[in-house]
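Visitor: just the structure for this:
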Amino acid sequence: MRRSTNRKQYLIGDIDAHVANRLLGTASDVVLVLDRDGQVLDLHIPDEQLATLLGADWRGRAWRELVTVEGRDKVDALLADARAGQPARWRQVNHAVAGQDDIPVSYTAFTLADDPPARKPALLAMGRDLRATAQLQRRLVDAQQAMERDYWRFREAETRYRTLFQTAIEAVLIADGLSLKVLEANPAAEALFSRAPGRLAGAALLGLFEASSQARLQQLLTASRGGGLDATPERARARLASPPATAPDTEYEVSIAVFRQQQSAQLLVRVRAASQAPAAGRRGARAGAVASPDSHLHLLEAYERQTADALVFTDAQGRVLRANTAFAELAQLAGPDAARGELLDRWLGRTGVELNVLLTNLRNTAVVAAFPTALRGEIGIEHEVEIAATRLDAGATPALAFAIRDIGRRMEGGERNSARLGRSPTELTELVGRVPMKDIVAETAEVIEQLCIETALQMTHNNRALAAQFLGLSRQSLYVKLRRYGLGGADAANDGDD
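Guide: Presented below is the predicted three-dimensional model:
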């Protein structure tokens, strides 16, 4: 047994310094040989790119001076543990890099010699480059934040849908496209079909109408399956199987639109009195409620108190009929009535452009979703907004509805269009229609110029005199651009000419 132990010690002790250096470099990304006071005697960084980023030679400098301020206490703790012979622990510190993000490195330290002579190796620190881990963490946080934003956006959209669905004067049913079973019904539909709340779900759609009307409704279903929500809804006249006692002979107009949800077809069915006679309304106001051509204005009264989104109704030319309080606040108006009679493009982006695009799309598709633009207030404050619009064909007077949401808070870093533009082609193309082309070109030129300067500085190890030659610039011109972009300082004394 003793012979085996001696043989093992002999093999470890026989490793020369070159092999030991390679072993340490394989096991870690940064190797520091330190004296007992924590000054760097030697270092080994196998990765040339990492060595270039970390910059100047660290030999002769205190280890704690090589890290950012918040990491110095961690370095002191590592040195104290190593001197005391405590078990090695890993601690993350950051190394500052001019003009770039800090480089995170996880270090551990241990003793090489208990009582070495002065300025002789006493401690060894080994570090692992955590840039890949930090990048993954940033991606995870970004993904979580994006999921959180999507979650709340869907919750808010569901709240708006529920508010409109529950408060609509018109009877509305959601039915399965295959089984024709009712999935949901608003209070107006429950009142119209004389059902208790929640009792319409599961009922056969065609069974709600008398037998003589079911053939017409079958034809209506066949015709509606060729379109969708963005198509003009198909309509047919029908009578109810159990009409209200107050209107036993009333004929109703039924319209059906098809939409897809979770890879299945569903039907949006609307029922109203064909003669615009009294029909079912909201809870607490069902009896005697009249569905007028301007019923969307009544919806606004209920909606404007339950949402922070700006809501505007206009005529077919974009002239405001009515707006809610949220729009008045966004447009910096004294009140909602101040917008009445004005063209909506008075506040939207560039005068005439955005509104014309919206009106054209609404004429063609009836629905516009997530249209990005800017909204100018009366006192000049501009907001990044997203618009969802739809065409309201019900009633004698067609109208347009615009839901406007301020998205400035959810933009990355709170930046506006005046901030630095994204570098990817996708991000730049998304700005078309929101920012004039000359501004996009100007900002893109600045981004490219900055990237070229950063690359030249990296290639020349921050030697600005050589970088100026690479870029075909005079040294003074390069200093001016460095100051403009805040890159690596613009001190001429550090131009690396020595």
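
Visitor: doesn't R270 lie inside a helix?
Guide: No: with DSSP: H, G, I helix; E, B strand; the rest coil as the criterion, R270 is strand rather than part of a helix.

Visitor: give me the beta-bridge partners of it?
Guide: V172, S255 (DSSP bridges).

Visitor: isn't it right next to R235, touching?
Guide: No: counting by CB atoms under 8 Å, R270 stays clear of R235, with 9.1 Å between them. Heads up, the C-betas are built off the backbone N, CA and C, glycines and all.

Visitor: these two: which is more packed in?
Guide: The neighbour comparison of R270 against R235 (other CB atoms under 10 Å) goes to R270, with 20 against 14.

Visitor: which residues touch the more buried one?
Guide: Contacts for R270 (CB atoms under 8 Å, 6 or more residues apart in numbering) come out as 170-173, 233, 254-256.

Visitor: picking that back up, what residues are shared contacts of R270 and R235?
Guide: By CB under 8 Å, 6+ apart, the residues touching both R270 and R235 are 254-255.

Visitor: show me the contacts for S477.
Guide: S477 touches A468, counting by CB under 8 Å, 6+ apart.

Visitor: tell me the mean pLDDT over the host helix or strand of it?
Guide: Under the criterion of DSSP states H and E, S477 resides in helix 475-485. Across helix 475-485, pLDDT averages out at 84.

Visitor: same question, stretch 450-458
Guide: 83.

Visitor: renumber starting at 34 from here on
Guide: OK, 34 is where the count begins now, so the last one is stretch 483-491.

Visitor: give me the contacts around it.
Guide: So stretch 483-491 is contacted by 85, 132, 456, 497, 500, 503-504, 511, 514-515, 518, 520-521 (CB under 8 Å, 6+ apart).

Visitor: can you pull the contacts of N219?
Guide: N219 neighbours (CB under 8 Å, 6+ apart): 198-199, 201, 204-206.

Visitor: one more pass at 6 Å, please.
Guide: 198-199, 201, 205 (CB atoms under 6 Å, 6 or more residues apart in numbering).

Visitor: got it, and I207?
Guide: With CB under 6 Å, 6+ apart, I207 has these contacts: 216-217.

Visitor: go through the host helix or strand of it and flag the buried ones.
Guide: Following DSSP H and E, the helix or strand that holds I207 is strand 204-209. By neighbour count on 16 or more other CB atoms under 10 Å, the buried set for strand 204-209 is 204-208.

Visitor: returning to that earlier point: make CSV from the contacts of stretch 483-491 and add neighbour count and distance to T255 to it.
Guide: Putting these into CSV (neighbours: other CB atoms under 10 Å; distance: CB to CB, whole Å) gives the following:
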residue, neighbour count, distance to T255
T85, 14, 70
G132, 15, 66
R456, 12, 52
R497, 25, 75
A500, 26, 72
F503, 16, 71
L504, 17, 69
L511, 24, 72
K514, 18, 68
L515, 21, 70
Y518, 16, 64
L520, 19, 67
G521, 19, 70
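
Visitor: just the closest of the residues you listed to A117, please.
Guide: T85 (35.3 Å; CB to CB).

Visitor: got a pLDDT number for the closest one?
Guide: 82.

Visitor: kindly report the same for R40.
Guide: R40 is given a pLDDT of 49.

Visitor: likewise for R315?
Guide: Confidence score, pLDDT, at R315: 38.

Visitor: leaving out chain neighbours, which residue sits closest to L354?
Guide: F346 (4.6 Å; CB to CB, 6 or more residues apart in numbering).

Visitor: verify the contact between that neighbour and N357 for me.
Guide: No: F346 lies out of contact with N357 (CB atoms under 6 Å); the separation is 9.3 Å.

Visitor: pick out whichever of the two has more residues nearby.
Guide: N357 (25 against 20).

Visitor: how far away is that one from S510?
Guide: Noted for N357: a distance of 54 Å to S510, by CB to CB, to the nearest Å.

Visitor: rewinding a little: check which helix or strand the residue nearest to L354 maps to.
Guide: strand 343-347.

Visitor: same for that strand, what does it pack against?
Guide: When contacts are defined as 3 or more CB pairs under 6 Å, 6 or more residues apart in numbering; DSSP states H and E, strand 343-347 sits against strand 353-356, helix 358-363, strand 432-439.

Visitor: paired strands for it, with orientation please.
Guide: Checking strand 343-347 against DSSP bridges gives partners strand 353-356 (antiparallel), strand 432-439 (antiparallel).

Visitor: average pLDDT for that strand?
Guide: So the average pLDDT for strand 343-347 ends up being 88.

Visitor: now stretch 186-206
Guide: For stretch 186-206, the mean pLDDT works out to 84.

Visitor: cool, and stretch 284-295?
Guide: In the prediction, stretch 284-295 has an average pLDDT of 81.

Visitor: off-centre distance for it?
Guide: Counting by CA atoms, centre = their mean, to the nearest Å, stretch 284-295 is centred 33 Å from the centre of its parent chain.

Visitor: what do you get for stretch 359-379?
Guide: Using CA atoms, centre = their mean, the offset of stretch 359-379 from its chain centre is 28 Å.

Visitor: ends of that stretch, how far apart?
Guide: 17 Å (CA to CA, to the nearest Å).

Visitor: any buried residues in it, and which?
Guide: 359-361, 363-366, 369, 372, 375-378.

Visitor: which two in the contacts of N219 are spaced the farthest apart?
Guide: Most distant of those, by CB to CB, are Q199 and V205, 9.6 Å apart.

Visitor: so L65 versus L156, what's the distance?
Guide: Taking CB to CB, one finds L65 at 8 Å from L156.

Visitor: sorry, that was for L499
Guide: 37 Å.

Visitor: so between the two, which is more surrounded?
Guide: More crowded of L499 and L156, by other CB under 10 Å: L156, with 24 against 17.

Visitor: now that one: closest residue in space, sequence neighbours ignored.
Guide: In space, L156 is closest to L67, 4.2 Å off (CB to CB, 6+ apart).

Visitor: can you name the helix or strand that the nearest residue to H494 once chain neighbours are set aside falls in?
Guide: With sequence-adjacent residues excluded and distances taken as CB to CB, 6+ apart, H494 is closest to T85, at 6.5 Å. Assigned by DSSP H and E, T85 belongs to helix 81-87.

Visitor: which residues are contacting that helix?
Guide: Against helix 81-87 from outside (CB under 6 Å, 6+ apart): 78, 128, 130, 162.

Visitor: go again using 8 Å as the cut-off
Guide: Contacts of helix 81-87 with the rest of the structure, by CB under 8 Å, 6+ apart, involve 62-63, 78, 128, 130, 133, 136, 162, 491, 494.

Visitor: out of these, who has the most neighbours?
Guide: In the contacts of helix 81-87, the most neighbours by other CB under 10 Å go to V63, 25 neighbours.

Visitor: and it, backbone torsions?
Guide: Per-residue torsions, V63: phi -140, psi 130 (degrees, to the nearest 10).

Visitor: surely it touches R164?
Guide: No: assessed by CB under 8 Å, V63 is found out of contact with R164, at 12.0 Å.

Visitor: please enumerate the strands of the stretch 84-233 of the chain.
Guide: 124-128, 136-144, 156-162, 204-209, 215-218 (DSSP state E, counting those that start in this stretch).
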